[in-house]
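Trainee: Sequence and computational prediction follow.
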Amino acid sequence: MTGYKALTPRPDEQFDLLQLEAMGFTPDQIARLRELRDMYPYIEYMDSRKQWNRLRFVKWLYSRGAIPR
C-alpha cells in the first residue's frame, strides 16, 4: 500500500524508527512492524468489539509462539 489512510497523523517516521531502535527492535523487526501497520491502515474503523477481541487473541497466540514468525 502506498500512503497513509489513517484519519489521525502518524508519528514522524524518523522519530518512530529511533524510538523502536531504542526499545531494542532489530531493523528486520521494524520492517515487519511497518508491513503490518500498512496492512491495517484504518485502525480508527475497528467497528466492533468482536473484531478488537479477535485481534487481541491473535496477538496473544503470536506472543506464545502459536503463530509462526
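Mentor: Looks like it arrived, so ask away. Quick caveat: nothing in here was measured; it's all calculated off a predicted structure.

Trainee: show me the contacts for Gln29.
Mentor: When contacts are counted by CB atoms under 8 Å, 6 or more residues apart in numbering, Gln29 touches Leu20. Every residue, glycine included, has its C-beta placed from N, CA and C.

Trainee: one more time with 10 Å
Mentor: 20-21, 23, 69 (CB atoms under 10 Å, 6 or more residues apart in numbering).

Trainee: Now the top helix by length along the chain: average pLDDT?
Mentor: Scanning the chain for the longest helix, with DSSP state H as the assignment, gives helix 49-63. Confidence over helix 49-63 (mean pLDDT, whole number) is 87.

Trainee: Which ChimeraX command selects the buried ones in the contacts of Gln29?
Mentor: Those of these that meet the burial criterion (16 or more other CB atoms under 10 Å) are gathered into one ChimeraX selection, given here:
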select :20
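
Trainee: What about the contacts of Gln29, which are in helices?
Mentor: For these, membership in helices holds for 20-21, with DSSP H as the criterion.
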